[in-house]
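> The following comprises the amino acid sequence and a computationally predicted model.
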Amino acid sequence: MSSHGAPVPMTSHAAGPLAGRAEVPGDKSISHRSLILGALCVGETRISGLLEGQDVLDTAKAMRAFGAEVTDEGGGNWSVHGVGVGGFAEPDQVIDCGNSGTGVRLIMGAMATSPISATFTGDASLNGRPMARVTDPLALFGCQAVGRAGGRLPMTIVGAKDPLPVRYEVPVPSAQVKSAVLLAGLNAPGKTVVIEAEATRDHTERMLSGFGAEITTEETEDGRVITLTGQPELTPQRIDVPRDPSSAAFPVCAALIVPGSDVLVPGIGLNPTRAGLYTTLREMGADLTYENEREEGGEPVADLRARFSPDLTGIEVPPARAASMIDEYPVLSVVASFAAGQTVMHGVKELRVKESDRIDAMASGLRANGVTVEDGPDWWTVTGLGHGNVPGGATCASHLDHRIAMSFLILGMATRQPVTVDDAGPIATSFPIFEPLMTRLGADLRRAAG
């Protein structure tokens, strides 16, 4: 079943060259944080370019439940009248975060140091994902969490009445865990310190600073040390959300493997903590260039031009790069299928606890389509067949995972036989315009008759 209704089977057929402009939606990470930080201000935050996928809409609904006034003004423009740090009201109803691990974990952090309780749930995929990685550090502030076995949703968070600042070393690279701790630290007196041995996406730190929080980042022998001074008065902002590099990955990767393609993806956020895929593709020999490089809202931005690249070569992706491209490994494995030689990916155990076990999901689907894949707990290897040699022809399970569904649809655009996904419905959580956008570029995507 789709996370939001009946399954939507979809088949991807090989088509002519992909060409044109691919104007992908706003960045999902920044969209979530814009709504949450806007709700923690006193006054009006205005947001343009907000991603209006279901994940972000669920976060907007949650902020309303905590007392903020969140208004859709049309055309991707939103306003948030916040309640201030520590000003969240106790929700009347269960908070349903749908499919969004980012949404639920960040919201848990934002309310954990207020003297209120809230119960969280989600779809079947989200309710199977581990929450202890967030609730354990939040407990250090004095909050409590009661959920199902294995630290799973539905779960009730009882916020700390007298929160204490914490010093926390993140055990695995996770921007969600780091962000939850920092958001909790906003309403704790004194200084909350987060240490990450391996840098992860830094949107939360950048945005906290932009909203007026006192936050510093220091590179040390132990890693990146982030220090936040609690109980600030955040200042409302005007936020222009850059386009999502994770969504851009799909038209970019499609253009690289479909003969004759030339696609421009404008206005993509290229924060160094998010751009690992594009570095990796260029190392594989992709014809991928950055045009009109600039800065918008404190984030580096550029237009990406991707052209068909018939001579891609498999590489070993450095494990240290994993945090900057963790969501892009599924579609990278698709590109690797059309490269010559092996693409080796280590340090990726985080993929096993995403919306699905993404290593297992991609490995199973690629094998069914004639590609050799080996995998272990923290690694996987794709042996590419070269341009024009991937058989295809299989039906792949999406596992309620938007990125798995989109990755297999990209695969089918260049295989000898069409590729089907059993349910494309979850794509709406992050990239609601994926189907019409790819179709305008020249893709041949067909829904099952029914």
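Here it is on my side, so go on.
> For the stretch 201-350 of the chain, which segments count as helices?
Listed in chain order, the helices of the stretch 201-350 of the chain (DSSP state H, counting those that start in this stretch) span residues 203-210, 245-257, 276-283, 329-337.
> how about the ones you listed in TSV, adding mean neighbour count?
All C-beta spots, glycine's among them, are computed from the backbone N, C-alpha and C. Formatted as TSV, the entries for the helices of the stretch 201-350 of the chain read as follows, by neighbours: other Cβ atoms under 10 Å:
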stretch	mean neighbour count
helix 203-210	21
helix 245-257	28
helix 276-283	20
helix 329-337	27
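> The ones you listed: which one's closest to Pro163?
Distances from Pro163 to each of the helices of the stretch 201-350 of the chain were compared using Cβ to Cβ; the shortest belongs to helix 203-210, at 17.1 Å.
> what about the closest one, distance to the chain center?
17 Å (Cα atoms, centre = their mean, to the nearest Å).
> what mean pLDDT would you report for that helix?
Averaging the model's pLDDT scores along helix 203-210 yields 94.
> quick one: contacts of it?
Under the criterion Cβ atoms under 8 Å, 6 or more residues apart in numbering, residues 27, 29-30, 33-34, 37, 175, 178-179, 182-183, 186, 215, 217, 226, 228, 237, 271, 273, 297-299 lie in contact with helix 203-210.
> Out of the helices of the stretch 201-350 of the chain, which gets nearest to Gly128?
helix 329-337 (18.2 Å).
> what's the angle between that closest one and helix 245-257?
Taking axes from the mean of the first three to the mean of the last three Cα atoms, to 10 degrees, helix 329-337 and helix 245-257 form an angle of 10 degrees between their directions.
> Report all helices and strands that helix 329-337 contacts.
Helices and strands touching helix 329-337, by 3 or more Cβ pairs under 8 Å, 6 or more residues apart in numbering; DSSP states H and E, are helix 245-257, helix 276-283, strand 340-346, helix 358-368, strand 379-385, helix 402-412.
> before we move on, the earlier item: filter the contacts of helix 203-210 to the buried ones?
In terms of neighbour count (16 or more other Cβ atoms under 10 Å), the buried residues within the contacts of helix 203-210 are 27, 29-30, 33-34, 37, 175, 178-179, 182-183, 186, 215, 226, 228, 237, 271, 273, 297, 299.
> coming back round to it: show me the contacts of helix 203-210 that map onto strands.
Using DSSP state E, the subset of the contacts of helix 203-210 located in strands is Ile215, Thr217, Ile226, Leu228, Glu299.
> so which of the helices and strands packed on helix 329-337 gets nearest Asp311?
Using Cβ to Cβ and comparing these, the one that lies nearest Asp311 is strand 340-346, at 7.5 Å.
> residue at max distance from the center of the protein?
Here the chain reaches farthest from its C-alpha mean at Asp162, the gap being 32.6 Å by Cα atoms, centre = their mean.
> show me what contacts that residue?
For Asp162, counting by Cβ under 8 Å, 6+ apart, the contacting residues are Gly142.
> dump the residue contacts of Glu283.
Contacts for Glu283 were tallied using Cβ under 8 Å, 6+ apart; they are Ile315.
> cool, Thr135 as well?
Residues counted as contacts of Thr135 (Cβ under 8 Å, 6+ apart) are Met108, Ala145, Gly147, Gly151, Met155, Ile157.
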